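Peer 1: output the structure for:
(one chain, ligands or ions: 3)
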Amino acid sequence: MHLPSYKEAKKREKKPYQTKDYQLEESLNKYHNKTYCLKTYGCQMNEHDSENIKAMLEEMGFKEEEDYEKADLILLNTCSIRENAHNKAFGMLGRVKHLKEQRKDLIVGLCGCMAQEEGVVAEIREKYKWLNFVFGTHNLYDLPTVLEKAITEERQAIEVYSTDLDIIENTPVVRDKTYKAYVNIIYGCNKFCTYCIVPYTRGSERSRKKEDILKEIDNLIEKGYQEVTLLGQNVNAYGKDLYENYGLGELLEDIANKKIPRIRFVTSHPWDFTDRMIEVIGKYENIMPSVHLPVQSGSSSILKKMGRRYSKESYLELFDKLKKVRPNIAISTDIIVGFPGESEEDFQDTLDLVEYCKYDNAFTFIYSPRENTPAAKLKDDVLLEEKEKRLYRLNEIVNKYFKDNNEKLVGKIENVLVEGTSPKKKEMYFGYTETNKLVNFTGKDIKVGTIIPVKITDAKTWSLDGEYNDK
Ligand code: SAH
Ligand code: SF4
Ligand code: F3S
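Peer 2: Ligands and ions are numbered 1, 2, ... in the order given. Okay, here's the model as predicted:
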């Protein structure tokens, strides 16, 4: 048994990482008459981890069963970012408990970021003794052995490490889509924003070797993939731990030269955004004109308390540079309201910033104290009612700009990567523009996974309407 430790998780040691290849022990490929249901919570990183988890389970013989009530194995890939993410996972565990009472042979596991939390694992050991196994983000690849242990030894198996281990390459993957793919480029986060739990759940910043990333992308291109999204908690830090002169700018350039039609990357911390990256974004058409640039707050004093290491002014300078280098660029953001000590004036600074940036998309949250983070120890004198009001006021403004920006596209022709048909109407399709806007459009005999021109006919707050422009 290995339990999570925040003390360990906080350490950042400069050490070279080993790269190892994944391999399933032959003897574990034996669950051919069993099914699994995997529930995923959280960010793109978890979604991509789930694509690896599915493939590992399928190599063991398991088949996917979407209805969790029918599956032999239920696995929750969890998220710790805010209290409501916890509530969702614990709510699901509540439902699963009833099933487990009826079917003793049901196997239930939990992984992902919540598995890295001391408090969560303590609660599982005390109140969820029926849960069969837990493994963490650093040993995702131990899934087969931990699962096997839980089944054969018939006791709760908890295997969570708090320091990052090797980087594992060549893990099997069952990708959700055949035309767009996630590609990890860097794991972990060293930023330690004071409100955030991720540096404790995902460990140190560790870049994958550029050769491994480029090889994965070559494979995707060969299979006909149209779009790749490079993933990391802070992709801008890519390469710093490995190379002297090779960072995200260089990596983007190398990928852009491969002629894959669409390249995206998330998430960029404004702090590490270099002029080299901006130059490359300006130079290559296949780097999509869409950047997620989380601001968190428009108040420099709150930004300081958050440990974000940029001011309102330096953020806006970066914002302007990006708009200048790619005039049609869509910038989206994340904003937290109600951070401890946020005054009405601080909040007003956030509203002013939003009025200036007129974001194309924004994810807005009420601050949620997270176990063991520095901000959780700050005195919080903003009432929840006030925080809710601020969120409402903020959303009114961001929504107005989503719609305004969408309206500017009416009458224009946009390239859209087609993702599917509407469940209601057969001749209604949907897909995403280069700026990552959802378009519902009419057309006939269009292939999913192709990029086609669509004429925009109407704008809504969160989507556009259009028609296939086959002229
Ligand atoms: N690495 C990314 C953010 C990943 S978490 C970055 O730094 O930009 C996604 C978003 O969740 C954050 O941008 C932040 O807005 C929000 N978030 C993180 N911790 C939070 C907390 N404790 N309470 C509320 N929102 C939080
Ligand atoms: Fe969290 Fe900050 Fe790291 Fe983003 S950069 S994951 S907000 S600590
Ligand atoms: Fe959640 Fe972990 Fe992602 S906390 S947001 S799943 S890195």
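Peer 1: which parts of the helix or strand harbouring Leu417 are buried?
Peer 2: Leu417 belongs to strand 413-421 when assigned by DSSP states H and E. For strand 413-421, the neighbour count (16 or more other CB atoms under 10 Å) marks Glu414, Val416, Leu417, Val418, Glu419 as buried. Just so you know, the C-beta spots here come from the backbone N, C-alpha and C atoms, and that holds for glycine as well.
Peer 1: from those residues, pick the one nearest ligand 3.
Peer 2: Distances from ligand 3 to the buried residues of strand 413-421, taken as CB to the nearest ligand atom, are shortest for Glu419 (22.7 Å).
Peer 1: secondary structure class for the closest residue to the closest one other than its chain neighbours?
Peer 2: Leaving aside its sequence neighbours, Glu419 sits nearest to Gly431 (CB to CB, 6 or more residues apart in numbering; 4.8 Å). The three-state assignment at Gly431 reads strand, by DSSP: H, G, I helix; E, B strand; the rest coil.
Peer 1: now Leu76
Peer 2: strand.
Peer 1: so it makes contact with Phe90?
Peer 2: No: shown here, Leu76 and Phe90 do not form a contact pair, counting by CB atoms under 8 Å, at 9.6 Å.
Peer 1: those two: who's more crowded?
Peer 2: Neighbour count, other CB atoms under 10 Å: between Leu76 and Phe90, Leu76 has more, with 26 against 16.
Peer 1: gap between the more buried one and Met114?
Peer 2: 8 Å (CB to CB, to the nearest Å).
Peer 1: now do the shared contacts for the two.
Peer 2: Residues touching both Leu76 and Met114 (CB atoms under 8 Å, 6 or more residues apart in numbering) are Ala89.
Peer 1: which residue, other than its chain neighbours, is closest to the one residue in the stretch 1-150 of the chain that gets nearest to ligand 3?
Peer 2: When scored by CB to the nearest ligand atom, the stretch 1-150 of the chain has Gly42 as its residue closest to ligand 3, at 2.8 Å. Leaving out its chain neighbours, the residue that sits closest to Gly42 by CB to CB, 6+ apart is Cys79, at 2.8 Å.
Peer 1: what parts of the stretch 51-200 of the chain come near ligand 3?
Peer 2: Within the stretch 51-200 of the chain, the positions near ligand 3 by CB under 6 Å from any ligand atom are Cys79, Ser80, Ile81, Gly112, Cys113, Ile197, Val198.
Peer 1: so can I have JSON lines of these showing distance to Gly188, secondary structure and pLDDT?
Peer 2: Formatted as JSON lines, those follow (distance: CB to CB, whole Å; DSSP: H, G, I helix; E, B strand; the rest coil; pLDDT from 0 to 100):
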{"residue": "Cys79", "distance to Gly188": "16", "secondary structure": "coil", "pLDDT": "98"}
{"residue": "Ser80", "distance to Gly188": "14", "secondary structure": "coil", "pLDDT": "97"}
{"residue": "Ile81", "distance to Gly188": "15", "secondary structure": "coil", "pLDDT": "98"}
{"residue": "Gly112", "distance to Gly188": "15", "secondary structure": "strand", "pLDDT": "98"}
{"residue": "Cys113", "distance to Gly188": "12", "secondary structure": "helix", "pLDDT": "98"}
{"residue": "Ile197", "distance to Gly188": "13", "secondary structure": "coil", "pLDDT": "97"}
{"residue": "Val198", "distance to Gly188": "8", "secondary structure": "helix", "pLDDT": "97"}
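Peer 1: identify, from these, the entry nearest to ligand 2.
Peer 2: Distance to ligand 2, by CB to the nearest ligand atom, is smallest for Val198 among those, at 3.6 Å.
Peer 1: Asp254: how many residues sit nearby?
Peer 2: Asp254: 15 neighbours (other CB under 10 Å).
Peer 1: ditto for Met428
Peer 2: Neighbour count for Met428, taken as other CB under 10 Å: 15.
Peer 1: one more: Cys79?
Peer 2: If you count neighbours by other CB under 10 Å, Cys79 ends up with 23.
Peer 1: so what's it up against?
Peer 2: The contact partners of Cys79, taken as CB under 8 Å, 6+ apart, are Tyr41, Gly42, Cys43, Asn46, Ala85, Ala89, Gly112, Cys113, Met114.
Peer 1: apply 7 Å and report the result again.
Peer 2: By CB atoms under 7 Å, 6 or more residues apart in numbering, Cys79 lies in contact with Tyr41, Gly42, Cys43, Asn46, Ala85, Gly112, Cys113.
Peer 1: for the record, mean pLDDT for the top helix by length along the chain?
Peer 2: What stands out as the longest helix in the chain, according to DSSP state H, is helix 384-407. The pLDDT scores in helix 384-407 average 98.
Peer 1: ok, now how distant is the residue nearest to Gly42 from Glu385?
Peer 2: Here the criterion is CB to CB. By it, Cys79 lies 26 Å from Glu385.
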